[in-house]
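Undergrad: Provided below are the primary sequence and the corresponding predicted coordinates.
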Amino acid sequence: MISRIDDFDAILNTTGVISEIINFPNKNLVITNFENNHIEFSNCLFNAETITFRNIKNEDLTIRFSNCTLHVNLVFENCKFQNLEFYDTTELSSLKLSSGNEDDGVLSLKRFYFTTTKNSALPLNTNFYFAKCTFSSEFLITHLNQSLGFFLISNSEFGIKDVDTDKNYNNYTIRDSKLHNVCIERNTFFTTVSFHNTVFSYNQKDLEKKKYKNTIFYKNNFQTAGFTECTFENICHIWSSEFKNASYFENIKSLQNSELRIIENIFHKYVTFDKAELNSLIIHKCEFLNIASFQEIKVNKITIEKTSFEKLALFDDSEIRKIKSCNRRTIRIIKQQLQKAENRIDYNRFRSYELSIYHEELKWTWKNGKDKVILGATWLVTGFDHSWRRALVFTLAAGLLFYSLFFISENYMLDFSLSNWREYASGYFRFLLVTDFYNPISERRTYIDNTNTLGWLIFILGKIVIAFGIYEMIQAFRKFKA
């Protein structure tokens, strides 16, 4: 056990390797220099209030924590060295990397690792704080299981400006992890960044005193960004950010009652949300300057408002489970994009959605009465999905109703017999002929008796209804035509 600060300093400045208990309860340590280029804490148990690494400038230095239990707040301020590495950390109170309080302070690392093997990913109640940092080569977090605390990256740079780091080895990845109370704001990514298979969660009570109230990505500048197979719990904002290269939101998921809000972003290149399964997706005041793909997405609700698609937006085989909870403007935007992509099948589906929502929105007023009647008739005959079967059933049923009324008006004193039923059936088929204006129950080609005014009225109305049913049936067969 190391319980004296002098012993601790002596080991760090000789071998640089510590593999035992370090016990400084309720003490704050400040380390400003190392004589070694490699410092390793292996299988250590730390007990201290805070250990601060301050003003350390050594571009060959690596600090590594392996299989450690850290009951301590680790702080790195105004440092510039090569690598900071954490492997299989079982406990850590907090980790803070920042430029410190100096105006010209900087926290610059070539590589930062915080990795855990999958089988040993214990829950951590750790506060992660990265502010005004530069990571010139790698930033890697894997299998982090953060159950409490917060995860903040602010005003930091990843990669090197004006250097095509994608052509060199670099890795800026958070994957296979669960992050808690996430705020990633005002950062610049000069190279590809990936948040693969990461769960973003938060506790509303924990955020009551913070400026952000949910998971948020705010005012970031991305190059290529990947959020593939991520899960968003509760509400997540991706807000006021710029995506300069391709962006990938494929196979993302959200839980019940969750919302993914994409607000005031600019997407310069291709972006895909293919096969996303979300409860609610809100896209507001965004600019898509290249192709945007929403193919095979499954959402309960989607809202698209004040958003421009400069090129194609692909919504092939998309599924909206609660279509009546969507506003008509959103459905119209999707319909227009399907028409632009010449996807007639899905276009007709969303056209029917739009008509259905509009029909329900209309109130029975003098101004709206005409549209309400027309839409109601369309719904009755074919449904808004233009079903030819429904139109056929309507035509036959309506024709039977009006013909029966006409037959009764002509023969209301008649006692029915088998011969009368044959006459009735024969007349029904004649009545279905729209262009036949002769009396359908007369064997000769004679018109209806002028004294039967009611019969004429029923006859004419019946012909109109049958003609309308036949027209709608023809339209149903033509719905896939250009």
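TA: Sure, I can see it. Because the structure is a prediction, the values reported are computed rather than measured.
Undergrad: quick one: contacts of the longest helix along the chain?
TA: In the chain, with assignment by DSSP state H, the single longest helix is helix 453-477. Contact partners of helix 453-477, identified using CB atoms under 8 Å, 6 or more residues apart in numbering, comprise 377-378, 381-382, 386-388, 391-392, 394-395, 398-399, 401-403, 405-406, 409-410, 431-432, 434, 437, 448-450. Every residue, glycine included, has its C-beta placed from N, CA and C.
Undergrad: just the helices from the stretch 201-350 of the chain, written as ranges.
TA: Ranges of helices within the stretch 201-350 of the chain are 328-340, 344-361, based on DSSP state H, counting those that start in this stretch.
Undergrad: I21: which of the ones you listed is closest?
TA: When the helices of the stretch 201-350 of the chain are compared by CB to CB, helix 328-340 sits nearest I21, at 60.1 Å.
Undergrad: can you list the buried residues in the closest one?
TA: Residues T330, I331, R332, I333, I334, K335, Q337, L338 are the ones in helix 328-340 that count as buried (16 or more other CB atoms under 10 Å).
Undergrad: hang on, the first one packs against I304?
TA: Okay, so that is T330. Yes. Look at T330 against I304 with CB atoms under 8 Å: they come within range, at 4.7 Å.
Undergrad: coming back round to it: only the buried subset of the contacts of helix 453-477, as a ChimeraX command please.
TA: A single ChimeraX command selects the buried members of these (16+ other CB under 10 Å):
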select :378,381,382,386,387,388,391,392,394,395,398,399,402,403,405,406,409,410,431,432,434,448
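Undergrad: so which of the contacts of helix 453-477 sit within helices?
TA: Per DSSP H, the subset of the contacts of helix 453-477 in helices is 377-378, 381, 388, 391-392, 394-395, 398-399, 401-403, 405-406, 409-410, 431.
Undergrad: got any ranges where the protein has weak pLDDT?
TA: Applying pLDDT under 70 to the chain picks out residues 103-104, 119-120, 163-169, 361-376, 379-380, 383-385, 412-420, 450-452, 478-482.
Undergrad: could you chop it up by domain?
TA: Domain segmentation of the chain under automatic domain parsing yields 1-192, 224-361, 369-477.
Undergrad: from the chain's centre, how far out does the first one sit?
TA: It stands for domain 1-192. In this view, domain 1-192 has its centroid 32 Å away from the chain centroid, taken as CA atoms, centre = their mean, to the nearest Å.
Undergrad: got the end-to-end distance for that domain?
TA: 44 Å (CA to CA, to the nearest Å).
Undergrad: so the longest helix of the chain versus helix 388-410, what angle?
TA: 170 degrees (axes from the mean of the first three to the mean of the last three CA atoms, to 10 degrees).
Undergrad: so how far is helix 453-477 off the chain centroid?
TA: Worked out by CA atoms, centre = their mean, helix 453-477 lies 47 Å from the chain centre.
Undergrad: show me the strands in the stretch 1-150 of the chain, by range?
TA: 17-18, 21-31, 38-42, 45-54, 57-66, 69-77, 80-87, 91-98, 107-115, 123-124, 127-131, 133-142, 145-146 (DSSP state E, counting those that start in this stretch).
Undergrad: other SSEs contacting the last one?
TA: Based on contacts counted as 3 or more CB pairs under 8 Å, 6 or more residues apart in numbering; DSSP states H and E, the elements that strand 145-146 packs against are strand 123-124, strand 178-180.
Undergrad: got the contact list for it?
TA: T116, A121, L122, P123, L124, N125, T126, F128, S177, K178, L179, H180.
Undergrad: next secondary structure after it?
TA: Downstream of strand 145-146, the first helix or strand assigned by DSSP states H and E is strand 151-154.
Undergrad: could you dump that next one to CSV, C-alpha only?
TA: Taking C-alpha atoms only, strand 151-154 is exported to CSV below (Å, rounded to 0.1, in the frame of the first residue of the first chain):
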residue,chain,number,x,y,z
PHE,A,151,-21.1,12.7,-20.6
LEU,A,152,-20.0,16.1,-21.9
ILE,A,153,-17.8,17.0,-24.9
SER,A,154,-17.6,20.8,-25.5
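Undergrad: list the contacts of it.
TA: 128-133, 179-187.
Undergrad: then stretch 270-277?
TA: 243, 246-254, 281, 288, 290-299.
Undergrad: okay but Y172 is in contact with S137, surely?
TA: No. Y172 is beyond contact range of S137, at 9.1 Å (criterion: CB under 8 Å).
Undergrad: those two: which is more packed in?
TA: Y172 (23 against 20; other CB atoms under 10 Å).
Undergrad: pairing partners for the strand or helix carrying the more buried one, with directions?
TA: Following DSSP H and E, one finds Y172 within strand 171-175. Sheet pairing of strand 171-175 (DSSP bridges) gives strand 133-142 (parallel), strand 193-196 (parallel).
Undergrad: could the domains of the chain go into a markdown table alongside distance to K205?
TA: Formatted as a markdown table, the domains of the chain follow (distance: least, CB to CB, whole Å):
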| stretch | distance to K205 |
| --- | --- |
| domain 1-192 | 10 |
| domain 224-361 | 12 |
| domain 369-477 | 45 |
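Undergrad: which one of those domains lies closest to D206?
TA: domain 1-192 (5.6 Å).
Undergrad: neighbours of E423, how many?
TA: E423 has 19 nearby residues by other CB under 10 Å.
Undergrad: I'd assumed I441 was in contact with it.
TA: Yes. Counting by CB under 8 Å, E423 touches I441, with 5.9 Å between them.
Undergrad: excluding chain neighbours, what is closest to E77?
TA: The shortest distance from E77 to any non-neighbouring residue, by CB to CB, 6 or more residues apart in numbering, is to G100 (3.7 Å).
Undergrad: for R445, that is, sorry about that
TA: Nearest to R445 is Y438, by CB to CB, 6+ apart, at 4.9 Å.
Undergrad: please apply the same query to T89.
TA: Nearest one to T89, counting by CB to CB, 6+ apart, is C68 at 5.8 Å.
Undergrad: number of residues surrounding K161?
TA: 8.
Undergrad: using the three-state scheme, assign it.
TA: Under DSSP: H, G, I helix; E, B strand; the rest coil, K161 falls in the coil class.
Undergrad: list phi and psi for E423.
TA: phi -60, psi -40 (degrees, to the nearest 10).
Undergrad: please shift the residue numbers so they start at 15 in all later answers.
TA: New numbering, starting at 15: the last item is E437.
Undergrad: quick one, what contacts it?
TA: I455.
Undergrad: likewise for N271?
TA: N248, N293.
Undergrad: distance-wise, check it relative to F241.
TA: Distance from N271 to F241, counting by CB to CB, to the nearest Å: 20 Å.
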